[in-house]
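Undergrad: attaching a predicted model along with its sequence, questions to come.
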Amino acid sequence: MTTTPFHTRVARRILTRAMALWATHGMRVFEADSKQFARVNEATLRRILRRQKTTEFGRAHGFAEILAARSPAEAFRRHVPLSQYSDYEPALERMAGGERNVLVSDPVIFFAPSSGTTGKSKLIPVTEHSMRTMLRTLALTRAVFRRLRPGGGAAVRGISLVRMADNLSRTTAGIPTGDASAAGMRRAATIIPYLYTTPLVAMQIADKPSALFVHLLFGLPERDLNHVSATFANHVVYMFNTLEQRWPELLDSIASGTLPADLVLDPEERRNIERLLKPDPDLARQLRPELEKGFEDIARRLWPNFTFVAAAATGSFAAYMPALRRYVGPAPICNLLYAATEACIGINLNLDRPEQYSLLPRSCAFDFIPLENADDAEPRTVGVEQLEQGGQYEVVITSDAGFYRYRMDDVVRVTDFHYGNPQVEFQFRRGTLLNVAAEKTTEKQVADVIGSLESRWLGERGRFVDYTVAAETEASPPYYRIFIELDAAPGARDLVCELEAARFLDRELAAANIDFQLMRKGRAIGAPVVEFLEPGSFDRLMAEMRNDNTAKIPRVISKPEHIRFLAERSLASKPLRAQSGQ
């Protein structure tokens, strides 16, 4: 393995120490805030209202008068209605056209596309101020690393799979659009080489399989590497899949100092990356025996100091855990941040409860809709101090991005309180409910059932890659159409495998959701259909959707063209129902 130069090790230690001091201060502030959460969160609301009171939206909704009220929070709830993204679209179109002071007072530095799981992508305005708010939250995650994660504060590097993409496009007024996470990485470009092994030029590769190859090419020589970070767990799995499938080519590249011809790179990218490579046949020989042994716990065998994975691995991403565990063994998998493009919502503080988050009182102002009221014409909302342990609520935020009493569609359950700070678990997104006959199957229920399929049925048929579901509502009775990609085709028994998998999922869905069970017995819902897809189908779907910033496959798809795209890649000629004729 390569040895890190002395001056580089010293620079990393200095940088790590400086970041530790900054992060520790942030952690102290967060702990103090948690003890007076409601007061701090109301101060966040007042700060946002003061900053935006002269905007067109602020003037129309009387922000100045709200701030002068005895209780600005109560006045805000009375005067500003609950909102959804569609309420802001006309204003956002004007902002994209160059108009200022519409929703936010600060100039928009770029628009961040947000995942359009139930329709077209959203455009979220980002200002210098909102970017700083996000960066402060990211600094807080470093403090969590140091306090809770073994090795989290070490002066060593990791692999980051966040793509520092160039802006995807520009609005009619020339304002860039691009991924918020990538923008944050670009802001930290000067310190990236001290934190991650992949050089900056390689972090901008557009083709995902090629990018993963290059990440590994620069990560494998780093003996002290201690973590891999990504937005979602599936990206880490894909990286290790690439290692397993292409390790001979990786060793050839390490030995020769050249890149394979099949990597999708433009000529300048290829030249710039190959300039950084040096032939190292000795390293290739050292790595070969470990790779030839197989890939169980490969992370810690290649990198003895490997300590953690930082990626979201709960909710629908829990389905990737068995594959990820195979590669990283017992290393902690940290769900650091509960965030959306609109705002950072919470942070995970408990290694033993990766699905639980503490809310961030300075990131945005919170309101909550009790779940039983979520479908009301004018839902009632409650403040943080009215939340009840065990209750389920839809999250409502007011943020620096220009969204006011904005319904996130995220439903959370309050599990506990850290001082006065609610501890929440994400349950499901209201927009991704499967509800073909009033059965209301949640995203979490589907994720749990897919996890059971992987752990109890899949076996030697292949390893799970990804899935999505379409609701076939025009059929009689309606049914769920479940698309599943494995890393190897199930073989000659495609139709039989699909039928067996459909029967398994039918039973598990009935066990998970009593309403689904009753609807199935009454034939109000048909048996689910499973379609196994050819390898690479979901990567091609993401390219087809032209929305790389989402970084994930929607768990429910509804657009006919997307359903048709996947159906054309089914391994079987005809999908089979779990029970013929139902």
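TA: Yep, it's here. Numbering: from 1, shown residues only.
Undergrad: so for stretch 386-405, what gets flagged as buried?
TA: Neighbour counts over stretch 386-405 (16 or more other CB atoms under 10 Å) mark 387, 391-405 as buried. C-beta coordinates here come from the backbone N, C-alpha and C atoms, glycine included.
Undergrad: how far does that stretch stretch from start to finish?
TA: In stretch 386-405, first residue to last residue: 17 Å (CA to CA, to the nearest Å).
Undergrad: give me the contact list for the longest strand anywhere in the chain.
TA: Criterion DSSP state E: the longest strand present in the chain is strand 406-418. Residues outside strand 406-418 that contact it (CB atoms under 8 Å, 6 or more residues apart in numbering) are 34, 82-85, 340, 342, 345, 349, 353, 356, 358, 369, 371, 374, 387-399, 422-431.
Undergrad: so, low pLDDT: which residues of this structure?
TA: 1-23, 115-121, 142-155, 165-168, 180-191, 315-316, 431-432, 488-494, 546-551, 573-582 (pLDDT under 70).
Undergrad: one more time with 50
TA: Applying pLDDT under 50 to the chain flags the ranges 1-2, 116-119, 492-493, 548-549, 574, 576, 579-581.
Undergrad: quick one, domains of it?
TA: Using automatic domain parsing, the domain parsing of the chain gives 150-331, 443-577.
Undergrad: export the ones you listed to TSV and append columns for mean neighbour count.
TA: Output for those, formatted as TSV (neighbours: other CB atoms under 10 Å):
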stretch	mean neighbour count
domain 150-331	19
domain 443-577	18
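Undergrad: tabulate those (CSV), appending distance to Ile66.
TA: Output for the domains of the chain, formatted as CSV (distance: least, CB to CB, whole Å):
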stretch, distance to Ile66
domain 150-331, 28
domain 443-577, 34
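Undergrad: ok, which of those domains comes nearest Leu140?
TA: Between Leu140 and those, the shortest gap by CB to CB is with domain 150-331, which sits at 12.7 Å.
Undergrad: start and end of stretch 367-382, how far apart?
TA: Using CA to CA, the end-to-end distance of stretch 367-382 comes to 6 Å.
Undergrad: show me the buried residues of stretch 386-405 that map onto strands.
TA: Checked against DSSP E, the buried residues of stretch 386-405 include these in strands: Gln392, Tyr393, Glu394, Val395, Val396, Ile397, Thr398.
Undergrad: now for the buried residues of stretch 386-405, which pair is the farthest apart?
TA: Gly391 and Gly402, at 29.0 Å, using CB to CB across these.
Undergrad: about what we covered before: now do the longest strand of the chain against strand 392-398, angle only.
TA: 120 degrees (axes from the mean of the first three to the mean of the last three CA atoms, to 10 degrees).
Undergrad: so what's the gap between strand 406-418 and the chain middle?
TA: Remark: strand 406-418 is offset 17 Å from the chain centroid, using CA atoms, centre = their mean, to the nearest Å.
Undergrad: what's the answer for stretch 26-43, then?
TA: How far stretch 26-43 lies from its chain's middle: 26 Å, per CA atoms, centre = their mean.
Undergrad: one more: stretch 232-244?
TA: On CA atoms, centre = their mean, the centre of stretch 232-244 falls 14 Å from the chain's centre.
Undergrad: likewise stretch 398-409?
TA: On CA atoms, centre = their mean, the centre of stretch 398-409 falls 19 Å from that of its chain.
Undergrad: quick one, strands of the stretch 351-500 of the chain?
TA: Ranges of strands in the stretch 351-500 of the chain, per DSSP state E, counting those that start in this stretch, are 356-359, 365-370, 392-398, 406-418, 421-429, 464-472, 479-486.
Undergrad: how about the longest one as PDB, C-alpha atoms only?
TA: Provided in PDB are the C-alpha atoms of strand 406-418 (Å, rounded to 0.1, in the frame of the first residue of the first chain):
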ATOM      1  CA  TYR A 406     -44.700  24.200   3.800                       C
ATOM      2  CA  ARG A 407     -46.000  20.700   3.900                       C
ATOM      3  CA  MET A 408     -43.100  18.300   3.400                       C
ATOM      4  CA  ASP A 409     -45.400  15.200   3.000                       C
ATOM      5  CA  ASP A 410     -43.000  13.400   5.400                       C
ATOM      6  CA  VAL A 411     -44.800  11.500   8.200                       C
ATOM      7  CA  VAL A 412     -42.800  10.900  11.300                       C
ATOM      8  CA  ARG A 413     -43.400   9.300  14.600                       C
ATOM      9  CA  VAL A 414     -42.200  10.900  17.900                       C
ATOM     10  CA  THR A 415     -40.300   8.200  19.800                       C
ATOM     11  CA  ASP A 416     -38.900  10.200  22.700                       C
ATOM     12  CA  PHE A 417     -37.600  13.600  23.800                       C
ATOM     13  CA  HIS A 418     -33.900  14.600  24.300                       C
END
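Undergrad: that strand vs strand 365-370, what angle?
TA: 90 degrees.
Undergrad: going forward, begin numbering at 160 instead of 1
TA: Yes, from this point I'll number from 160; that puts the last item at strand 565-577.
Undergrad: buried stuff in strand 565-577?
TA: Going by neighbour count (16+ other CB under 10 Å), the buried part of strand 565-577 is Tyr565, Arg566, Met567, Asp568, Asp569, Val570, Val571, Arg572, Val573, His577.
Undergrad: now the angle from it to strand 580-588?
TA: Between strand 565-577 and strand 580-588, the angle comes out at 130 degrees (the same axes, to 10 degrees).
Undergrad: contacting residues for Phe465?
TA: Going by CB under 8 Å, 6+ apart, Phe465 touches Leu384, Asn385, His386, Ala458, Arg459, Val487, Ala490.
Undergrad: over to it: give its phi and psi.
TA: phi -60, psi 130 (degrees, to the nearest 10).
Undergrad: measure it to Ile457 for me?
TA: Using CB to CB, to the nearest Å, Phe465 is found at 10 Å from Ile457.
Undergrad: also His721?
TA: Using CB to CB, we find His721 at a distance of 34 Å from Ile457.
Undergrad: swap in Thr466?
TA: Using CB to CB, Thr466 is found at 15 Å from Ile457.
Undergrad: next: Val321.
TA: Counting by CB to CB, the gap from Val321 to Ile457 is 22 Å.
Undergrad: check Asn431 too.
TA: Applying CB to CB, the value for Asn431 to Ile457 is 29 Å.
Undergrad: swap in Val395?
TA: To Ile457, Val395 is 12 Å away according to CB to CB.
Undergrad: and for Pro352?
TA: Using CB to CB, Pro352 is found at 25 Å from Ile457.
Undergrad: ok, Asp439 next?
TA: Counting by CB to CB, the separation of Asp439 from Ile457 is 20 Å.
Undergrad: determine the three-state secondary structure at Tyr318.
TA: That one is not Tyr; residue 318 is Ile. Assigned by DSSP: H, G, I helix; E, B strand; the rest coil, the conformation of Ile318 is strand.
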